[in-house]
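Chemist: after the sequence you'll find the predicted model.
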Amino acid sequence: MSRPRLIKESSAPLPLDRELLVRIHDLMVKTRVLEERLIQMYKQGHGYFWIGGPGEEAFNVPLGLLMKKGQGPEYDYLHAHYRQSGTLLALGEEPIGALRQMKNTASDPYSGGRNFAGHFSLRKYNVAPVSSPIEVQYSIAPGTAMMQKRVGGDGITIVTGGDAGTAEGDFATCLIWSSRPANPLPVLIIVTNNKWGISTSAEGQHGETRVSERGKAFNIRSKTINGNDPVEAYTELKEAMEYVRTERKPFLLEANVSRLYGHSSASGANYVSEELDCLKQFETRLEADGVLTRQQMDELRNRYTEDMAAAARIARDEPLPAPETIWKHIFAEDK
Amino acid sequence: MSRPRLIKESSAPLPLDRELLVRIHDLMVKTRVLEERLIQMYKQGHGYFWIGGPGEEAFNVPLGLLMKKGQGPEYDYLHAHYRQSGTLLALGEEPIGALRQMKNTASDPYSGGRNFAGHFSLRKYNVAPVSSPIEVQYSIAPGTAMMQKRVGGDGITIVTGGDAGTAEGDFATCLIWSSRPANPLPVLIIVTNNKWGISTSAEGQHGETRVSERGKAFNIRSKTINGNDPVEAYTELKEAMEYVRTERKPFLLEANVSRLYGHSSASGANYVSEELDCLKQFETRLEADGVLTRQQMDELRNRYTEDMAAAARIARDEPLPAPETIWKHIFAEDK
Amino acid sequence: MANMAQAIRMALHYAEENLGVTDIFGEDVGAPLGGVFTCTQGLKTAWNSPLDERGIIGAAMGIALGGGRPVAEIQFCDYVYNTIDLLKLAGNTCWASNGDWNLPMVVRTPVGSGIRGSIYHSHSFDATMTHIPGWKVVMPSTPLDAYGLLISACKEQNPVMFLEPKALLRVKGDERIPGEPDDDRALSKMIDAPLGDRSQWKPQWPAELEAFAIPIGKGKLLREGTQLTVVSYGRTLPLCSRAAQTLADEGISVEVIDLRSLWPYDWEMIKTSVQKTGRVLFVNEDTEVTNFGEHLLRRTVEELFYSLLAPPRLVAGKFIPGIGLADTLEMASVPQQNDITDALRSLAGEQP
Amino acid sequence: MANMAQAIRMALHYAEENLGVTDIFGEDVGAPLGGVFTCTQGLKTAWNSPLDERGIIGAAMGIALGGGRPVAEIQFCDYVYNTIDLLKLAGNTCWASNGDWNLPMVVRTPVGSGIRGSIYHSHSFDATMTHIPGWKVVMPSTPLDAYGLLISACKEQNPVMFLEPKALLRVKGDERIPGEPDDDRALSKMIDAPLGDRSQWKPQWPAELEAFAIPIGKGKLLREGTQLTVVSYGRTLPLCSRAAQTLADEGISVEVIDLRSLWPYDWEMIKTSVQKTGRVLFVNEDTEVTNFGEHLLRRTVEELFYSLLAPPRLVAGKFIPGIGLADTLEMASVPQQNDITDALRSLAGEQP
Ligand SMILES: Cc1ncc(C[n+]2csc(CCOP(=O)(O)OP(=O)(O)O)c2C)c(N)n1
Ligand SMILES: Cc1ncc(C[n+]2csc(CCOP(=O)(O)OP(=O)(O)O)c2C)c(N)n1
Ligand SMILES: [Mg+2]
Ligand SMILES: [Mg+2]
């Protein structure tokens, strides 16, 4: 496996404008603090299971910022996995929704207390429901892209998932269906490679030098990037998305990222200091380049920490869904 | 899609020795005559369905000749699809078995009248049962190869299937499981590309320039050959098999072949004159090179035709399995 | 009258013209073949997919999420079994998202025995499918019902599984589909693709087709009777009707219910009938262990125990790993005319 | 006493040492984790597979064809549903080849609710699995039964599906597994992997383990009774036992059968009991439409109708698309203690 490249020499000037850098940083902090709060809720018994995206903020936040946000095939679709909180916050979601899902309250906006944390669903922004089975979203994604291609416009479909999951046939399905000569599709196929599937290291399992090479046989434009660098992530995502938007063809993007609190609460959810921390690294860079001071960043973090604590207190006291609601929404007529 | 290359200039001397050429030709004729008899049985109402391998003899016969024949992991395993009669005859099977399966008699040696024509099973030579679902054999094949690798020796696993079927996730599974760095496997992964899946042309469906390129991302040695030329097929198969036997690593071989009587009886089972006929072409070559005369070849064909007619008469009059035999062999204790 | 394959084709034509159906697809569904059973010949939104059932179900789900209305085909239900996770996902998407999303999609697939299809072209799918929540499941036994149920399916906001009893696909109906021409041969000339080269062919659709819909969830009381109830669907339904006729000739009065919709199903119709007759036979051809008929029977026992004059019975497929190719094997594996007639006769005669 | 996860681990150890088991594999089955429920820690033939359930089942089939004896794991049965075609194929390989080949393979997978697993870690698999011919299917409810059934499974010539009720995996048994040390903590020290770095760890297996086998197909009469029979397995079995105790305190005598083997199952034991009691409740937690309990109930009605004093009943999971995460939802979705006790009480009191 190729190792994530280190962030570019800090002497090179940051190629994004200041406002954007600050916005990305803000959302990365917000996401990290949200995830840490979710973990804390779990550890304090205010939820049964945690899974999420700390370590993927540098990639997920730019993704959300670059999405064409709206409902219906004119806008971008997101078929995500369970580490996508950064993208959702970048789309403008309030963090309390995720906290409510953690506490499985009736007020949980994504599943009404039915699904695990990190399992978002947001029809108003074309975020398809996140489901636990690994990789099925890759078989579904070509469908929304077909509608987008037919409708016209520049909406694209984005699908994300982990490295281990690419072993499922669904990943191949996505490559095949997206690259059919009869109907190439506007899909941005993303793999976030953290080099692990739960406890299983990628080393023994991947004959590929890079996962992104699997696109080549299908003549799909493919690239591996450092997903720990928000600047590289933003720039590369922008380029890839523009290609997909304009050419109406697939692009396979592999982003090397970190898994900063292990797989999930099942593996303890403790900070893994051996992993590269994209937020720390970005902050060093921002400080060195004079974009933000340490103090500003600390204040930001403290503010979010307080906000999140307050939101968690609200969520914690809200009622659970009533037992008889299990019968609701089996069919759409029930709406 | 790349077109099958024409057979090498007939001026070039045939690189295999005469005895082998005659043997390959003999088996190709035998296979063709068998398939034609099966089709005739179907058309005369002595069977419900025909599917088989006319058009693949030039590839399938050499494959059978090159297999290390025997039972158990020291020998080669074959996980085949339903066009493999040439390989079975090359392994030494009597054609009457296939005719019996066509007539679904109790004497059918492959399924006792239970399965369609072409669905061989031959434990004594490691031929795994052919099953109708496309491509599942690719998910199973790594298992026999694991046993072979563990046992030692030079036995390899061979898996075959069609071009359209590579769209199933099982094909990707085979590539992934065969090339795991933790345990690369001795599997010869074969795709016989006839450019069709029933009525669906490969053109609109395959983003790959060649199917064999799908191996490259996994660092699997891969090649596309002209499966209509028995000499090329023999030579390339030999090389690929030697690599797999010795290196204990996978090899992906795509063979371009013809579909000479259409997909199956469901599509009429009539000779398709637009397709290249490997037998005709080989015979021209053998005659030109003085290996066999037209007369010898005609006699051979007539002899097989008579043999096959006689065998079909025998099969036709044999009893069907008794109704109560449906309860046999649900479990192995029943043996 | 149209056969069931033609009825399906006409309903799909109507649906792509009038009900917003955007994609009719699957293996060999588009030109030139138009489906291995001809059900999708000449349809303007029909296209050929890769040979990948997971991709087919996945794409249908995606198209539905993306605002389209797909009608996907699995060539034989025998090949649907690597997609059960996706079918379950389609069935739980509305519920899991607490009503945020819903999937208006139809999956069609031929089921059952009757064409000497051997181990992999004879499967039934009703047991497996009725165990998956969140789907509506229908299975017509006549061309008119096929037409009407497919129209309803194409109007649904939820996933619908449309099971086509393959033994009945080429059987002509007794009832006219509103809008079909009087003459069968005229119909065939208009909408059946010619043999040979079809590249220039275009169907000529009957102009008067309409949104004749059969509501999902309603059974059909095919024959009234007083002494016995038989409930079936699909291939075995006509066998039940014939058995009822035979028994009528013997002086035994059998009520015949064509369930048509498997989920939701017409419990009221079954209940009313069993309360009248006190004896009921459930018939289907899926293998008999963990079989949908066992569900119907369980509910009958649960709610109608004290109305029963004899134990309710099930006639279903044998619990064996496949249907063998030989005639002898197929006949012994799934219910045939005699099995049903005999079972009804014996149930009628059963005395405690 | 060992808990069920430890019992499984010891049986697998015994089987890889003595019964020819060659490969224990699946996602996270090998080092360092040894299975998400610790069932495969420290086993010498355990290894980690790619994240690909189809590959796992396929490889198991191939290993069995190649002369090995695999024990494959699907991490949660919730993720087995893209392999149903392969399970069907494994179940028909012997039959389709007319006895030429057979597949000695075991698949283990955790099933059921009880750990607040939400929609995708709470599925049951007994309904789907009992509908697939050619497999033996077992589901223990105690560590000793788990040990004994797994030993039998590893000796089988046919595919065996070994269902592990996940709510019971960490529950200690009342009975000693032959060969396990007397002291629980001693056992834990010997065979449980330590937290933290495990790279140097090696288990110390109890030396006296033996081939204690529980025959597949035999139930266990857990408690004798005269007025009522309850038949269950897995997570709901201990609830049934407790209900029987409660009812005993109220003066109602309940016979409790732990089915243990779902296919083949111990019909003789059920029959004998129902002929004695005339009242029977079947309990499981799979969703209740096309449910294996409905099969048992159908057979009861078919063969024992005239022995019945009340309608046989089923308590099972609600027919909804998933088990919701919130406590309130899970409790309302699958049978809980009260549901079972109440159902038994009402069945005892039922008068025609
Ligand atoms: C189909 C399926 N199989 C198994 C699991 C259990 N599981 C949950 S996450 C996971 C590992 C996923 O690894 P990867 O795809 O690399 O994503 P990551 O968690 O590393 O982001 C597994 C095996 C699952 N959820 N779905
Ligand atoms: C899983 C599955 N889906 C569909 C079918 C129906 N079917 C039988 S053969 C075939 C086409 C196969 O094409 P290809 O893989 O190219 O093999 P070929 O027949 O051309 O040799 C199809 C779709 C099947 N047998 N199995
Ligand atoms: Mg990963
Ligand atoms: Mg082909």
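Modeler: It's in. Residues are numbered from 1 along each chain as shown, chains lettered A, B, ... in the order given. Ligands and ions are numbered 1, 2, ... in the order given.
Chemist: can you check the pLDDT for A:Glu333?
Modeler: At A:Glu333, the pLDDT value in this model is 79.
Chemist: what about it, how many neighbours?
Modeler: Residues near A:Glu333, counting by other CB atoms under 10 Å in any protein chain shown, number 11. Glycine gets a C-beta too; all of them are placed from N, C-alpha and C.
Chemist: contacting residues around it?
Modeler: C:157-158 (CB atoms under 8 Å, 6 or more residues apart in numbering or on different chains).
Chemist: just confirm it is within a helix.
Modeler: Yes - A:Glu333: assigned to a helix according to DSSP: H, G, I helix; E, B strand; the rest coil.
Chemist: and C:Ser144, which helix or strand is it part of?
Modeler: Small correction: residue C:144 is Leu, not Ser. C:Leu144 belongs to helix C:143-153 when assigned by DSSP states H and E.
Chemist: and that helix, C-alpha only, in CSV?
Modeler: C-alpha atoms of helix C:143-153 as CSV (Å, rounded to 0.1, in the frame of the first residue of the first chain):
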residue,chain,number,x,y,z
PRO,C,143,-53.3,-12.2,-18.8
LEU,C,144,-55.9,-9.7,-17.6
ASP,C,145,-54.8,-9.9,-14.0
ALA,C,146,-51.2,-9.5,-15.2
TYR,C,147,-52.1,-6.4,-17.0
GLY,C,148,-54.1,-4.9,-14.2
LEU,C,149,-51.6,-5.8,-11.5
LEU,C,150,-48.7,-4.4,-13.5
ILE,C,151,-50.6,-1.1,-14.0
SER,C,152,-51.1,-0.9,-10.2
ALA,C,153,-47.4,-1.8,-9.6
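Chemist: that helix - what's its average pLDDT?
Modeler: 98.
Chemist: ok now it, how far from the chain's centre?
Modeler: On the basis of CA atoms, centre = their mean, to the nearest Å, helix C:143-153 sits 10 Å off its chain's mean C-alpha point.
Chemist: please name the nearest non-neighbouring residue to the spatially most central residue of chain C.
Modeler: Most central in chain C under CA atoms, centre = their mean is C:Met139, positioned 1.9 Å from the mean C-alpha point. Excluding its sequence neighbours, the residue lying closest to C:Met139 (CB to CB, 6 or more residues apart in numbering or on different chains) is C:Leu163, at 4.1 Å.
Chemist: what packs against the helix or strand hosting the one you found?
Modeler: Applying DSSP H and E as the criterion places C:Leu163 in strand C:160-165. With contacts taken as 3 or more CB pairs under 8 Å, 6 or more residues apart in numbering or on different chains; DSSP states H and E, strand C:160-165 sits against helix C:4-18, strand C:106-111, helix C:126-130, strand C:136-138, helix C:143-153.
Chemist: the nearest residue to A:Glu168 once chain neighbours are set aside: neighbouring residues, count only.
Modeler: Nearest non-adjacent residue to A:Glu168, counting by CB to CB, 6+ apart: A:Glu135, 3.8 Å away. Using other CB under 10 Å, A:Glu135 has 25 neighbouring residues.
Chemist: A:Glu135 against A:Gly165, yeah?
Modeler: Yes - using CB atoms under 8 Å, A:Glu135 is in contact with A:Gly165, at 4.2 Å.
Chemist: report the set of residues contacting both of those two.
Modeler: Contacts common to A:Glu135 and A:Gly165, judged by CB under 8 Å, 6+ apart, are A:171, D:51.
Chemist: for the chain, just list every one of the helices.
Modeler: If you meant another chain, say so; for now it's chain A. Taking DSSP state H, the helices of chain A run over residues A:18-43, A:57-66, A:85-90, A:96-102, A:136-151, A:169-178, A:230-247, A:278-288, A:294-316.
Chemist: sorry, I should have been clearer: chain C.
Modeler: Using DSSP H, helices in chain C cover C:4-18, C:53-65, C:84-96, C:126-130, C:143-153, C:184-191, C:236-249, C:267-277, C:292-304, C:327-333, C:337-349.
Chemist: now mean neighbour count and distance to D:Asp197 too, for those helices, in CSV please.
Modeler: Converted to CSV, the helices of chain C look like this (neighbours: other CB atoms under 10 Å in any protein chain shown; distance: least, CB to CB, whole Å):
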stretch, mean neighbour count, distance to D:Asp197
helix C:4-18, 25, 62
helix C:53-65, 29, 40
helix C:84-96, 26, 36
helix C:126-130, 25, 46
helix C:143-153, 27, 58
helix C:184-191, 15, 71
helix C:236-249, 20, 63
helix C:267-277, 18, 60
helix C:292-304, 23, 52
helix C:327-333, 20, 57
helix C:337-349, 17, 65
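Chemist: so can I have TSV of these showing distance to chain A?
Modeler: TSV is the format used below for these (distance: least, CB to the nearest CB, whole Å):
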stretch	distance to chain A
helix C:4-18	13
helix C:53-65	2
helix C:84-96	5
helix C:126-130	14
helix C:143-153	13
helix C:184-191	25
helix C:236-249	26
helix C:267-277	17
helix C:292-304	17
helix C:327-333	31
helix C:337-349	33
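Chemist: now the residue of the stretch 1-150 of chain A found nearest chain D, nearest residue through space, not along the chain?
Modeler: Of all residues in the stretch 1-150 of chain A, A:Ser132 sits closest to chain D, at 3.5 Å by CB to the nearest CB. If the residues on either side of it in the chain are set aside, A:Ser132 comes closest to D:Tyr120, at 3.5 Å by CB to CB, 6+ apart.
Chemist: check contacts around the one you found.
Modeler: A:131-133, D:76, D:78-79, D:322.
Chemist: model confidence score at it, please.
Modeler: At D:Tyr120, pLDDT is 98.
Chemist: same check on the one 10 residues further on?
Modeler: In this model, D:Thr130 is scored at 98, pLDDT.
Chemist: give me the neighbour count for A:Met47.
Modeler: Careful, residue A:47 is Gly; it's not Met. Neighbours of A:Gly47 (other CB under 10 Å): 24.
Chemist: what sits against it?
Modeler: A:38, A:41, A:102-104, A:117.
Chemist: nearest to C:Phe292, of those?
Modeler: Nearest to C:Phe292 among the contacts of A:Gly47 is A:Asn104, at 33.2 Å by CB to CB.
Chemist: the closest one is in contact with D:Leu325, isn't it?
Modeler: Yes - contact criterion CB under 8 Å: A:Asn104 and D:Leu325 qualify, at 4.4 Å.
Chemist: spit out the contact partners of the residue of the stretch 51-200 of chain A found nearest chain B.
Modeler: Nearest residue of the stretch 51-200 of chain A to chain B: A:Gly169, at 1.5 Å (CB to the nearest CB). By CB under 8 Å, 6+ apart, A:Gly169 lies in contact with B:168-170, B:172-173, C:54, D:52, D:54, D:82.
Chemist: and the residue nearest to A:Glu168, how far from A:Tyr110?
Modeler: 20 Å (CB to CB, to the nearest Å).
Chemist: now swap in C:Met61 and tell me
Modeler: Counting by CB to CB, the gap from C:Met61 to A:Tyr110 is 18 Å.
Chemist: same question for A:Thr293.
Modeler: According to CB to CB, A:Thr293 stands 36 Å off from A:Tyr110.
Chemist: looking only at neighbour counts, state which of those two leads.
Modeler: Neighbour totals were compared for A:Thr293 and A:Tyr110, and A:Tyr110 leads with 27 against 11 (other CB under 10 Å).
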